[in-house]
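A.B. asks: When you get a sec, could you give me coordinates for this:
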Amino acid sequence: MKMIRKTMILLCLALVCLAENPRVVLVKVEPRWKWNGLVDITCDTAGVAGNLLYTFQLKGYDKDRNQEVAMRTLSLDGGRSFATYADGKVDGRDGASIQRFTWDAAKDCPTLNTASFTVSVGVKVQAYIYLVVDLSTGRSRYANEAPDLSGDTCRTTELWLHWIPAGTFTMGSPEGELGRYSGEVQHEVTLTHGYWMGVFEVTHRQWELIMEGNPSDYKGEVRPVEKVSYNDIRGRDKGAGWPLGGHEVDSGSFLGKLRAKTGLAFDLPTEAQWEYACRAGTTTALNSGKNLTDVYECPNMMEVGRYNYNRSDGKGDCIEHTRVGIYLPNAWGLYDMHGNVWEWCLDWFGELTSPLADPKGASTGTNRVDRGGSWYSDAVRCASSYRGGEGYWPSNGRNNVGFRICLPLSCPSILAEGDLVEGVAIRLGGAPDGWTLHYTTDGSEPTAASPAYTGPFTLAESATVTRNVLCRQGFRVCRQGFGIPICRPD
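C.D. replies: Now for the predicted structure:
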């Protein structure tokens, strides 16, 4: 076999456009050096969104022999992919613009000569509504059919999330709305990225598959887990740092263990993400499109969730919180956004402010925000705009407080420690006001003496990019690559 020459790769792009007009804007094919039979292929897709599954069809052609070369041994990011098929087809990683494949050329084409070899890359896109995580194995899949509510798999061993598209909405309530509180000041909010939102509140069984034990007072596999604190969910160390600490969580927390098992950087929703997902396009007090008729007992509230005045309606055979998914969902297929249990949000409780894009809440505070009301609440406290949080300390767990999972597109996946990057623009994102961003390319921990990031840069050789954000009080770590946060568990 001729020696593989690193610089002699020719590329031919063939695009198959089935949805969303996908484009390959960068393709790089490079054999490993020194040659070990493996070839690295990098594609950069434009117009990527978190609910799109990119299926790539890669074909090789040997011009010396005038014949196609089957590329059967493709894998994505070292094998971390949703699905791999025969004959050169592979599914890309969800939500990621950069897609990297490895081809075992020595197996498929022992006589490969790169001086006369071309690769064609076809890509098709399928949009999906649901992301489904198997909590027993940690594996994920996409779906377009709603969860089967006749069984309990979707409430126990599977975690179902619905895609929430980016958009602008009016957060808060109008002055004339019945039961309105002064803290619900209306203001326009834009969410610039779509995200995945849990279809149901996290249940007892789902908690138990990730953590040991169950802290809930009122037990039941398909009822929402409760008496879990914000710190139980995110952690008391790094997990307590939102927003300055970003999406970092403690490895021993629920989210830390869930991330480690699934490879997906789940988190709680921000308060804005929660209300946007709850409303699903509505502007009324309830996400059914109806308003409250009374601040205490309201027939419209009885349709959409468990609260203080329908605890004896027999649904779920419980008189406190009840099984998830038995009241009416909103237009995005989310259940129990009103009532059942309060739901933790990322934000500190503080005043709502002027028009914002992707708000993260107050920088500091005492209490964390809870939304949605509970089985113990009057109707007004279950309204879309009602803000709980006064007296809800992060360390406090109550039997009427639970949570719902979110997967933000700004942190779509966890890349393995030591991932190498080369030949593409590295964008590390901005630092908070008053902070300085430092980075290294040898995998070491950056310090104040490391290079300061001022804009995108390109690496000529393979390297591991690591970054720190430093401020006067010390520094917090937040690794990034290709503009996608690498939110690894510890």
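A.B. asks: How about the spatially most central residue of the chain, nearest residue that isn't a chain neighbour?
C.D. replies: Centroid check for the chain by Cα atoms, centre = their mean gives Leu407 as the closest residue, at 2.1 Å. Leaving out its chain neighbours, the residue that sits closest to Leu407 by Cβ to Cβ, 6 or more residues apart in numbering is Trp196, at 3.9 Å. (Each C-beta comes from the backbone N, C-alpha and C, glycine too.)
A.B. asks: same question, Arg180
C.D. replies: Arg180 sits nearest to Ser173 (Cβ to Cβ, 6+ apart), 4.8 Å away.
A.B. asks: list the contacts for that neighbour?
C.D. replies: The contact partners of Ser173, by Cβ atoms under 8 Å, 6 or more residues apart in numbering, come to 180-181, 184, 186, 285, 383-385.
A.B. asks: could you measure it against Thr322, distance?
C.D. replies: Applying Cβ to Cβ, to the nearest Å, the value for Ser173 to Thr322 is 27 Å.
A.B. asks: what sits against Ala272?
C.D. replies: Contacts of Ala272 (Cβ under 8 Å, 6+ apart): 171, 189, 191, 356, 358-359.
A.B. asks: Single out whichever of those residues has the smallest pLDDT.
C.D. replies: pLDDT across the contacts of Ala272 is at its lowest for Leu356, which sits at 85.
A.B. asks: What is the neighbour count of that one?
C.D. replies: If you count neighbours by other Cβ atoms under 10 Å, Leu356 ends up with 15.
A.B. asks: what's across from it in the sheet?
C.D. replies: Beta-bridge pairing of Leu356 under DSSP bridges involves Val189.
A.B. asks: I'd guessed it sits against Val189; true?
C.D. replies: Yes: taking Cβ atoms under 8 Å as the definition, Leu356 is a contact partner of Val189 at 5.5 Å.
A.B. asks: Excluding covalently adjacent residues, which one is nearest to Pro165?
C.D. replies: Nearest one to Pro165, counting by Cβ to Cβ, 6+ apart, is Gly194 at 4.8 Å.
A.B. asks: isn't that neighbour right up against Pro408?
C.D. replies: No: with contact defined as Cβ under 8 Å, Gly194 does not count as touching Pro408 (9.1 Å).
A.B. asks: more neighbours, those two?
C.D. replies: For Gly194 versus Pro408, the count of surrounding residues by other Cβ under 10 Å is larger for Pro408: 27 against 18.
A.B. asks: Show me what the more buried one is bridged to.
C.D. replies: With DSSP bridges as the rule, Pro408 is bridged to Tyr195.
A.B. asks: I figured it hits Leu191, correct?
C.D. replies: No: under the criterion of Cβ under 8 Å, Pro408 makes no contact with Leu191, lying 9.7 Å away.
A.B. asks: Would you tell me which one of the contacts of Ser173 comes nearest to Leu264?
C.D. replies: Comparing these against Leu264 with Cβ to Cβ places Ser384 closest, at 27.4 Å.
A.B. asks: Need the three-state assignment for Pro147.
C.D. replies: Following DSSP: H, G, I helix; E, B strand; the rest coil, the label given to Pro147 is coil.
A.B. asks: Count the residues that sit near it.
C.D. replies: 20.
A.B. asks: excluding its backbone neighbours, what's nearest it?
C.D. replies: In space, Pro147 is closest to Cys154, 3.6 Å off (Cβ to Cβ, 6+ apart).
A.B. asks: State the distance from that neighbour to Gly198.
C.D. replies: 11 Å.
A.B. asks: Between the two, which contacts overlap?
C.D. replies: Trp160.
A.B. asks: between the two, who's got more neighbours?
C.D. replies: Neighbour count, other Cβ under 10 Å: between Cys154 and Gly198, Gly198 has more, with 25 against 22.
A.B. asks: Does the more buried one touch Trp160 like I think?
C.D. replies: Yes: counting by Cβ under 8 Å, Gly198 does reach Trp160; the two are 7.2 Å apart.
A.B. asks: mind listing what Lys261 touches?
C.D. replies: 135, 138, 210.
A.B. asks: any residues in contact with both of Pro408 and Leu191?
C.D. replies: With Cβ under 8 Å, 6+ apart, Pro408 and Leu191 have common neighbours Gln273.
A.B. asks: Doesn't Tyr439 belong to a helix?
C.D. replies: No: applying three-state DSSP, one finds Tyr439 to be strand, outside a helix.
A.B. asks: Bridged to it, which residues?
C.D. replies: Assigned bridge partners for Tyr439, using DSSP bridges, are Arg467.
A.B. asks: returning to that earlier point: adding neighbour count, write the contacts of Ser173 out as JSON lines.
C.D. replies: Shown next, in JSON lines, are the contacts of Ser173 (neighbours: other Cβ atoms under 10 Å):
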{"residue": "Arg180", "neighbour count": "21"}
{"residue": "Tyr181", "neighbour count": "15"}
{"residue": "Glu184", "neighbour count": "20"}
{"residue": "Gln186", "neighbour count": "15"}
{"residue": "Ala285", "neighbour count": "28"}
{"residue": "Ala383", "neighbour count": "30"}
{"residue": "Ser384", "neighbour count": "26"}
{"residue": "Ser385", "neighbour count": "25"}
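A.B. asks: The closest residue to Asp62 other than its chain neighbours - how many residues pack around it?
C.D. replies: With Cβ to Cβ, 6+ apart as the criterion, Asp62 has its nearest non-adjacent residue at 5.3 Å, and that residue is Val69. Val69: 20 surrounding residues under other Cβ under 10 Å.
A.B. asks: How is the protein divided into domains?
C.D. replies: By the assignment in automatic domain parsing, the chain contains the domains 10-124, 130-408, 425-485.
A.B. asks: I'd say the residue nearest to the centre of the chain and Phe266 touch.
C.D. replies: Yes: using Cβ under 8 Å as the test, Leu407 is close enough to Phe266 to be in contact (5.4 Å).
A.B. asks: any common contacting residues for these two?
C.D. replies: By Cβ under 8 Å, 6+ apart, no residue touches both Leu407 and Phe266.
A.B. asks: Neighbours of Tyr327, how many?
C.D. replies: So Tyr327, with other Cβ under 10 Å, has 24 neighbours.
A.B. asks: Going forward, the N-terminal residue is numbered 478.
C.D. replies: Renumbered: residue one is now 478, and that last one reads Tyr804.
A.B. asks: would it count as being in a helix?
C.D. replies: No: in this structure, Tyr804 is coil, not part of a helix, as judged by three-state DSSP.
A.B. asks: which residues touch it?
C.D. replies: 780-783, 792, 812-813, 815-816.
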